[in-house]
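> everything below, folded, please.
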Amino acid sequence: MANRVLSLLIVCQVLYSTIAFGSVLDIEKEDEEFSEELLLKPLPDRKVLAHFHFQSTAPPSTSFGRHHHLFPKPISQLVKKFRVKEMELSFTQGRWRYEQWGGFDPISSNNAKPPGVELWAVFDVPQSQVDASWKNLTHALSGLFCASINFLESSTTYSSPELAFRPDLGNLRYGTLPREAVCTENLTPWLKLLPCRDKAGLSALMDRPSIYRGFYHSQRLHLTLTGSGLEELDSGIVLEQTLTVVLQPSSWRTGKSYVDKAHSQPSWSISSIFGRKVGGKCVLAKSSNVYLQFEKGLVGELKNLQKENANPETNKLASKVFLSNLSFDLSVNPDKVFEEVDDFHSKSTSILYEFSVEKYNGSHPLDLGLTWKIPVVWSCQQAPLHASRFLMGSGNERGAIAIYLRSTELSEGLKKSDIVDQSCELRVNVFQVVPWYIKVYYHTLQVFVNQQSRAVADIMEKIHVSPSKDKTSPGVMELILKFPCGLESAALNLEFDKGFLHIDEYPPDANQGFDIPAAVISYPDFHASMHFSEDGSLDKSPMFSKFQEKSLVLSYTEILLVPLTTPDFSMPYNVITITCTVFALYFGSLLNVLQKRVGEEERFLKNNAGRKTGRLSQLLSKFSTKLRGKPREPQPSTAVSSSFVSFKLILKILLVAGIAICWQYYFG
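Numbering: from 1, shown residues only. All right, here's what the predicted structure looks like:
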């Protein structure tokens, strides 16, 4: 009886634990969230920007371990194993054109990345363990995304920024691979982190040919920890996956011929640029929306066109009037229209259209289209300075790196936070990493302001330089510069020498040149953000919540291609060929001599000697021998020949052995 009671108590306890554990899982399942959004924006150079934003959130765990239902488990394991506080990984193909596509908005500041692979991470470990955690993280990401990220494990490829690149973060490591090719094998693992992958929702639009034929393509993964972070269970994880693509519309649907075709905008739709339609949302997504944005410059131009064609009473632009604008038509009526909150009292503000995907399905898909009626010309908002970088000098011995900064037109009322005592200064941060085989002389730094040479101390506020070490670490230069607000142009020059590499350190395409990673130019006094609603109706959108945060305005320069002195790689082939030939002759002759038997050689010589003696002489010799009654004696020539052959054989062996000894002495 007691045993039955004990068994019943155990069963009850197990059932209670199962129910409690299941309730915990249900709570965590309800707390986990996933959202998907797509932002479309026409660009001034007749292209279309498509920005996909997926966000997965894992709340702080209330049980031992993490049991996720929506959040990707590999990312959670990375955070747990390597103690990652914040990380960003990007795969980019093409270069962001700041002059045509803008440089003063959250998309260009956060998603305009340099070509290749860029990775930076912040670790919550002691300083002595940061490098080991970085190396393990690169190997894990390399296997997860099918890329050569493990090449960043070498100390010659990553650096530790302190001033110019995110100075508020500690235990930071930064590395880039400019030559890494980006293809579909990197996109497929990225899509596998989504709950619906590319089978449903907005991710189904990611047709591989449509994406990779674009002018710019960048897939980005950014994760952060939320909460106190003192314990693992007290911290949640927010994973942002963004895909930014610049596409050229392939179809023209206006049916009109403009006088100036260079300024006419192409009409497009979702099906024409992606080859697919939106057949509904991902069933696991909390929200799924498509947005169409008209930026400030475009809205200002449309206002002017509407003023010319409308009555004076309707000159003021309102949402309803803007919907029925004479300049364009939308194939689908938007669910909501938002106007950007103007903080600087500028003449125009951007307009945002929202289209909810929840009311569409496979039988009634969403195919948003924009048809232009008249040519429209506008320009995007630029960063305070346009940065470019190039090489100077010639030859394979010396050279110089030049960073050129040129002023751009800022919008009216742009706020400058570094105005003190009526003196206006423009602060610029420069972060540059140079490989160890480029010997940069940092003392040769020259600064030119408005084409006039200036003292470095007058322009420089702070500097941090970490010289490169041969085959150990790259060179890092971080500068905080202050220029007058009336700056028109500025230039920074640095001289360098080109080093020599070991033959094993050259890549397969060494004659193409060696890449210097892009420099990062940031402006600490300028921040990009967008606020589209005063009532907070867009606060539930993860993408626009991110846009409302003040992001530092930064830009990347070009990647430099430096030619180094490369050896003649055909020389090892020639050396190997002649070495193999000599060894073949040596071993062939030696084996030929050692394998032949002496008896066979003597018989061979006798036969040859017999053939050389005339037949008549042999008959006379036999006849005289019979007459004398004596046995026939061997001819002396045969003995002489035999001794000569033995001497020749010995001489050949000695010659081959001498050649082998000399070869081993001089070349061994």
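> what is the neighbour count of the residue nearest to Lys498 when sequence neighbours are not counted?
What sits nearest to Lys498 in space, not counting adjacent residues and going by CB to CB, 6 or more residues apart in numbering, is Leu564, at 5.3 Å. The way it works is simple: take the backbone N, C-alpha and C, and place the C-beta from them, glycine included. Other residues lying near Leu564 total 16 when counted by other CB atoms under 10 Å.
> thought Leu564 was touching Glu505?
No: with contact defined as CB atoms under 8 Å, Leu564 does not count as touching Glu505 (10.4 Å).
> which residues of the stretch 401-550 of the chain fall in helices?
Ranges of helices in the stretch 401-550 of the chain, per DSSP state H, counting those that start in this stretch, are 456-459, 542-548.
> I'd like those as a markdown table, with mean pLDDT, mean neighbour count and distance to Pro484 appended.
A markdown table is the format used below for the helices of the stretch 401-550 of the chain (pLDDT from 0 to 100; neighbours: other CB atoms under 10 Å; distance: least, CB to CB, whole Å):
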| stretch | mean pLDDT | mean neighbour count | distance to Pro484 |
| --- | --- | --- | --- |
| helix 456-459 | 91 | 12 | 10 |
| helix 542-548 | 90 | 20 | 31 |
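> now do Ile559 against Val465, distance only.
21 Å (CB to CB, to the nearest Å).
> ok, those two, which is more surrounded?
Ile559 (18 against 13).
> what's the closest non-adjacent residue to His464?
Glu478 (4.3 Å).
> number of residues surrounding the one you found?
Glu478: 22 neighbours (other CB under 10 Å).
> could I get the pLDDT score of it?
Note for Glu478: predicted pLDDT of 95.
> my guess is it contacts Ala164. True?
Yes: between Glu478 and Ala164 there is a contact under CB under 8 Å: 4.1 Å.
> between the two, which contacts overlap?
429-431, 464 (CB atoms under 8 Å, 6 or more residues apart in numbering).
> tell me the one among these nearest to Trp96.
Ranked by distance to Trp96 (CB to CB), these are led by Phe431 at 17.2 Å.
> now for the closest one, how many residues are close by?
24.
> let's verify the closest residue to it other than its chain neighbours: helix, strand, or coil?
Distance criterion CB to CB, 6+ apart; nearest residue to Phe431, sequence neighbours excluded, is Ala164 at 3.8 Å. Following DSSP: H, G, I helix; E, B strand; the rest coil, the label given to Ala164 is coil.
> which residues touch Glu354?
289-291, 334-338.
> revised request: answer the last question for Phe34.
Phe34 neighbours (CB under 8 Å, 6+ apart): 54-57, 70, 194-195, 282, 284-286.
> turn those residues into JSON lines, including neighbour count and pLDDT.
Formatted as JSON lines, the contacts of Phe34 follow (neighbours: other CB atoms under 10 Å; pLDDT from 0 to 100):
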{"residue": "Phe54", "neighbour count": "28", "pLDDT": "97"}
{"residue": "Gln55", "neighbour count": "23", "pLDDT": "96"}
{"residue": "Ser56", "neighbour count": "24", "pLDDT": "94"}
{"residue": "Thr57", "neighbour count": "19", "pLDDT": "92"}
{"residue": "Leu70", "neighbour count": "18", "pLDDT": "88"}
{"residue": "Leu194", "neighbour count": "23", "pLDDT": "95"}
{"residue": "Pro195", "neighbour count": "20", "pLDDT": "93"}
{"residue": "Cys282", "neighbour count": "22", "pLDDT": "94"}
{"residue": "Leu284", "neighbour count": "17", "pLDDT": "92"}
{"residue": "Ala285", "neighbour count": "25", "pLDDT": "94"}
{"residue": "Lys286", "neighbour count": "16", "pLDDT": "93"}
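> much appreciated, bye for now.
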